[in-house]
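>>> coordinates only, sequence not included:
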């Protein structure tokens, strides 16, 4: 079942489409889906909600992006042997990473088993650890190269070099969004962009409305968060009065012409926009949460953006990406002990709160939460390189050969550890899982065969996983 | 075992041969030469032009009616929108409506085609094809901005205004360097922005070239050649070899860092002089950074430090040497070089380093050493040096003293100087070569200084325009196929040559230069079956709201001939016969009854041709983002018609009043306003813009600052006028925004609204609210 529009124009704009809907009224029309119809009928609004290809356990996604690359051996992949080899050369062939690394370097953090499942988590994530039984920890992730830019693009777009749509765009393309008053794909990063900037949530050759809408969660006021969401001078009554005039004029204009769904659609889009002003304001206003919920997430920017993430998915936003911060905060080439502890402290309670909150609302079962960076870090210590680190010999280099991520909810096996790295945590050796496999599995959880969610562009059908990827059934509940 | 093929195998083989034959495109409609179209003999009154004859014959065959001619007010708005991307002026519309002469339309059309606004509108259409942006995309810390991308945009505007024939239009864009050689007019350099202003993919050559192959083949030929980067094209007869033949053509050119000027700068102008003064200053800052650091390397204390480190670190590993170098603020690479150099000189018994070697090996110096450099020996003896530390101090002193630009007459002194200045000496490199030596921090500083220079060159209003050219390399590249697209796995060598599917059997490998200008000639040739068709189809799309061939950049085997293929072929043939004149093509289409139809269809047409595939009426069209913004400015009466020049930020307040085409396009972080309104993605060539209708667009109109500002201006004027007559104020607004007079009832509605309005402190002027509503109305944004 291949589903791609023969061309863009047909997909979003056909007169037959328009005419078939005239009479129903555009606002009320349930737009056609991508799947199961001979001709794509997404209509003028590409974000209209669409059914998935088959039943998917996950209906929405929250992707917590620890940009910079958190260290697996300091978080979710304990390696006691590193203590033995601390300060000594590891008895293995060193894999080539970005920079020179030296002796083995033990984790400065303590690991303990948590929950029924006994998943081992380091002490920098005490609150996440409380949710251990909800986690599906993948210890055998691997990517292609030890550099941020290509690895970010690979993790986000399934291709490390060329311009391709991001995972969130693909998901929005496949499923649309259930709340037309909010964007379908929202990406939040407080204080600026991560490395590689908005390419991380690009729509590529997909329509622009599938691109992630970037929100700088440094701001607290809603008008700073969403463009043009508020009129600075008109109050609601005045605006309604004005809009009524617009619609009256539009109605006259329409009456003097033949039925034209385009004209009707624009008329409707103003009504939608009018309502969106209220809805969006509401979604981003965490002040409306009761105190005990806000306490659950804790204080600070991370808490605020996790709570916003929950409010967004609750309101039908399909894909929410939450970045830790601008640049690459988790990229600790020096001082890994101090910095990793601080970073974890910033987000641990918020992430734990998010999982708990989703669960208590019954949303975790169909919300897929993804945690991870673009790669992991070396179990060996990074050696001094003038200018590129502070020469403190207490940090770790990038490592794409093996790293950890975790999933929760959305139909994944909970309290489960998948795969393993070698004795030192350098390379995935047991059930290695490439980023493409992760993507295939995520799409499967959402009800798509990753080989069939395609888009015809420039003469061929493209998909998120290109020619790679296999669904990892072990992860499925 | 029997190896003879079975009958079945033979049958299968011959079947696959057959398929191969039909798949080589020999019979695909778009790969055939453009035929001369026979016009039907029965031409009725409505059929003003050849395309009408073809169109109406087709309608006749389908028993389809067509719409009647649109009223002149609609035609005027339509033409001005299509040719200028601007609203029609009431005065012009009235004059046109009142023009009783038989050729009123033709004259109106000619005036529109002659306006300089025309080039701005059509340049922007081509910028979609050319994936235009003013910067490179993500390139880490390098200066991102293309300082001269705008010269390509300006070249496009003048090319369309001057009706540059399309074949020359292509040749200049692909081989402007070659054209300039003949014409001596450097303007054509600017045209090469078509190739060079794409994304830079962190400067990876295979990806940059792929982007260029894509823009050329999809943009000009409607062929998706990029599909053959990793394997033969799945559908079209484009083998992977052909991809790498084109690859070789582009790889055989380079982009000079000093771009050629597009003419003599006006050296007397203060802006230019200011530019040069600041440029010199910033360049000097960079030069100084290198020369001071370079000079320091040959000074006594620094030489001493390096010698000491080189000596101490004789047996150290690199990291150890590195941290000591870092601690002493020395360059690790220079230190390593001195260490190996000294080791060599000692091993070679170099006269200068003989005492050094002796002291290291024996722990003492003899009384005499005939083979030693006498200057060094004398200094050592004079100071009675007997430790390495003392020896090193002497060496540093003696060597530093010999440092000068010119050779010494004395051979011993000269031999010492050579140790500092010879090419293989650790301090013998050119100052700017120090970049490789620098630690990351120094490199960052240099990059910052270079960025500041580039920024000045890009932003200074006095910077003279230059062209983003490609020039032939001295030696052309003999391309190899990259197996599965992987540049590290080189397959067989292929010649630089044209595409097999278009050249058929006659193709010859390109010998002269890289072949880029031969490629341009082959694309711009009347015997090319695709070039004219693809361009005509794009043009058609802009006039009718949708193309004849639904995939404007893919005319490959899977693309069926359109319903009106006769019209397409006629126009393509006529276009080439008329010297590839774009304005002729436009006039040909716009003069037709087909184009002048109303957008309201006869009921039978709606029934039988709901999708308007046969063009039984005009398609209603919505303003593009550019036309919408320009119309908003024009409505307020303050559109700035200045043309050309460096791009401006059109989203920043206070808002620029210039046309949208002059706005800065940031490829990396395309502003959400642009995306919301479906402007072409500058990442890759865009065959066709999407037309979405999302609430964010309405939010922009309802709450956006630019719309509010224009409403305010209109509202203030209307309020003033309403003091005399509110009917007059309303009429004025209708003239201004819709190029028509209001109906009586519309005046009544307007009066009622402005009277009923509840003013507030923040919003006292009811006329502003009224003007804002008119700007929001469908009539403002749709063209019938």
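Received, thanks. Computed from a prediction, not measured in an experiment: that's the story for all the values here.

>>> Okay, helices next: where are they in the stretch 351-477 of chain A?
A:435-445 (DSSP state H, counting those that start in this stretch).

>>> and it, which residues reach chain B?
Contact residues (CB under 8 Å from any CB of the partner chain) of the stretch 351-477 of chain A with chain B: A:383, A:384, A:385, A:386, A:387, A:388, A:391, A:458, A:459, A:460. Heads up, the C-betas are built off the backbone N, CA and C, glycines and all.

>>> out of everything not next to it in sequence, what's closest to the last one?
This means residue A:460. Using CB to CB, 6 or more residues apart in numbering or on different chains and skipping residues adjacent in sequence, the residue nearest residue A:460 is residue B:227, 5.3 Å away.

>>> So the one you found is in contact with residue B:237, correct?
No. Contact criterion CB atoms under 8 Å: residue B:227 and residue B:237 do not qualify, at 11.6 Å.

>>> Identify the farthest-apart pair in the residues of the stretch 351-477 of chain A next to chain B.
Farthest-apart pair in these is A:391 and A:459; separation 51.2 Å (CB to CB).

>>> Comparing those two, which residue is more hemmed in?
Neighbours per residue (other CB atoms under 10 Å in any protein chain shown) separate residue A:391 from residue A:459, with residue A:459 holding more: 25 against 19.

>>> Could you report the pLDDT at that one?
At residue A:459, the pLDDT value in this model is 76.

>>> Can you tell me the element the residue in the stretch 651-784 of chain B positioned nearest to chain A falls in?
Residue of the stretch 651-784 of chain B nearest chain A, by CB to the nearest CB: residue B:698 (3.5 Å). In this structure, residue B:698 sits in helix B:695-703 according to DSSP states H and E.

>>> For that helix, which outside residues touch it?
A:180-181, A:183, A:227-232, A:239, A:243, A:266, A:269-270, A:272-274, A:276-277, B:672-673, B:676-677, B:707, B:775-776 (CB atoms under 8 Å, 6 or more residues apart in numbering or on different chains).

>>> Can you select the buried ones among those residues for me in ChimeraX?
Only the buried entries of the contacts of helix B:695-703 go into this ChimeraX selection, using 16 or more other CB atoms under 10 Å in any protein chain shown:
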select /A:180,181,183,227,228,229,230,231,239,243,266,269,270,272,273,274,276,277 /B:672,673,676,677,707,775,776
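
>>> now the strands: where do they sit in the stretch 401-550 of chain B?
Secondary structure of the stretch 401-550 of chain B (DSSP state E, counting those that start in this stretch): strands at B:471-472, B:480-482, B:490-493.

>>> For the second one, which helices and strands make contact with it?
Contacts of strand B:480-482 with other secondary structure elements, assessed using 3 or more CB pairs under 8 Å, 6 or more residues apart in numbering or on different chains; DSSP states H and E, are made with helix B:240-251, strand B:490-493.

>>> Point out the most buried one among the ones you listed.
For the helices and strands packed on strand B:480-482, the largest average neighbour count (mean count of other CB atoms under 10 Å in any protein chain shown) is found in helix B:240-251, namely a mean of 25.

>>> Any part of it near chain A?
No. Helix B:240-251 stays clear of chain A (CB under 8 Å from any CB), getting no nearer than 12.6 Å.

>>> and that helix, what does it pack onto?
The contact analysis (3+ CB pairs under 8 Å, 6+ apart) places helix B:240-251 against helix B:205-216, strand B:480-482, helix B:516-523.

>>> Mean pLDDT, mean neighbour count and distance to residue A:97 added to the ones you listed, as JSON lines?
Shown next, in JSON lines, are the helices and strands packed on helix B:240-251 (pLDDT from 0 to 100; neighbours: other CB atoms under 10 Å in any protein chain shown; distance: least, CB to CB, whole Å):
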{"stretch": "helix B:205-216", "mean pLDDT": "96", "mean neighbour count": "21", "distance to residue A:97": "24"}
{"stretch": "strand B:480-482", "mean pLDDT": "96", "mean neighbour count": "18", "distance to residue A:97": "26"}
{"stretch": "helix B:516-523", "mean pLDDT": "95", "mean neighbour count": "22", "distance to residue A:97": "41"}
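
>>> For stretch B:428-439, give me every contacting residue.
Outside stretch B:428-439, the residues within contact range by CB under 8 Å, 6+ apart are A:386-387, B:287, B:290-291, B:293-294, B:326, B:331-334, B:420-422, B:443, B:446.

>>> let's see 6 Å
Under the criterion CB atoms under 6 Å, 6 or more residues apart in numbering or on different chains, residues A:386, A:387, B:290, B:291, B:294, B:331, B:333, B:334, B:421, B:422 lie in contact with stretch B:428-439.

>>> do the same with stretch B:770-778
For stretch B:770-778, contacts defined as CB under 6 Å, 6+ apart pick out A:242, A:245-246, A:249-250, A:253, A:263, A:266, B:701, B:711, B:714-715, B:733, B:737, B:753-754.

>>> what residues does the stretch 351-500 of chain B put near chain A?
B:439, B:440, B:441 (CB under 6 Å from any CB of the partner chain).

>>> can you pick the most crowded of those?
Counting neighbours by other CB under 10 Å, residue B:439 leads these with 19 neighbours.

>>> Just the pLDDT at whichever residue of chain B sits closest to chain A, thanks.
The nearest approach of chain B to chain A comes at residue B:440, 2.4 Å away (CB to the nearest CB). At residue B:440, the model reports a pLDDT of 81.

>>> can I assume it is in contact with residue A:388?
Yes. Judged on CB atoms under 6 Å, residue B:440 makes contact with residue A:388 at a distance of 5.0 Å.

>>> which residues in chain B form strands?
In chain order, chain B shows strands spanning B:253-254, B:471-472, B:480-482, B:490-493, B:621-622, B:782-783, with DSSP state E as the criterion.

>>> still on that earlier bit, ok, the residues of the stretch 351-477 of chain A next to chain B vs residue B:129, which is closest?
So of those, ranked by how close each gets to residue B:129 (CB to CB), first place is residue A:458, at 13.2 Å.

>>> what sits against the closest residue to that closest one other than its chain neighbours?
Once flanking residues are discounted, residue A:458 sits nearest to residue B:224: 5.2 Å by CB to CB, 6+ apart. With contact taken as CB under 6 Å, 6+ apart, residue B:224 is in contact with A:458, A:459, B:218, B:554.

>>> give me that answer again for 7 Å
By CB atoms under 7 Å, 6 or more residues apart in numbering or on different chains, residue B:224 lies in contact with A:458, A:459, B:218, B:236, B:554, B:556.

>>> and stretch A:320-328, how far from the chain's centre?
Distance, stretch centre to chain centre, for stretch A:320-328: 10 Å (CA atoms, centre = their mean, to the nearest Å).

>>> anything in it near chain B?
No. Stretch A:320-328 is not in contact with chain B by CB under 7 Å from any CB of the partner chain; minimum separation 12.4 Å.

>>> In that stretch, which residues are buried?
Neighbour counts over stretch A:320-328 (16+ other CB under 10 Å) mark A:320, A:321, A:322, A:323, A:324, A:325, A:326, A:328 as buried.

>>> wouldn't the last one be in contact with residue A:197 here?
No. Under the criterion of CB atoms under 7 Å, residue A:328 makes no contact with residue A:197, lying 12.0 Å away.

>>> State the number of residues packed around the closest residue to residue B:579 other than its chain neighbours.
Nearest non-adjacent residue to residue B:579, counting by CB to CB, 6+ apart: residue B:165, 5.4 Å away. Neighbours of residue B:165 under the rule other CB under 10 Å: 19.

>>> Quick check: chain neighbours aside, which residue is closest to the residue nearest the centre of chain B?
Residue closest to the average C-alpha location in chain B (CA atoms, centre = their mean): residue B:197, at 2.9 Å. Of all residues not flanking residue B:197 in the chain, residue B:149 sits nearest, at 4.9 Å (CB to CB, 6+ apart).

>>> Next, the contact list for the one you found, please.
Contact analysis of residue B:149 by CB under 7 Å, 6+ apart lists B:133, B:134, B:193, B:197, B:468.
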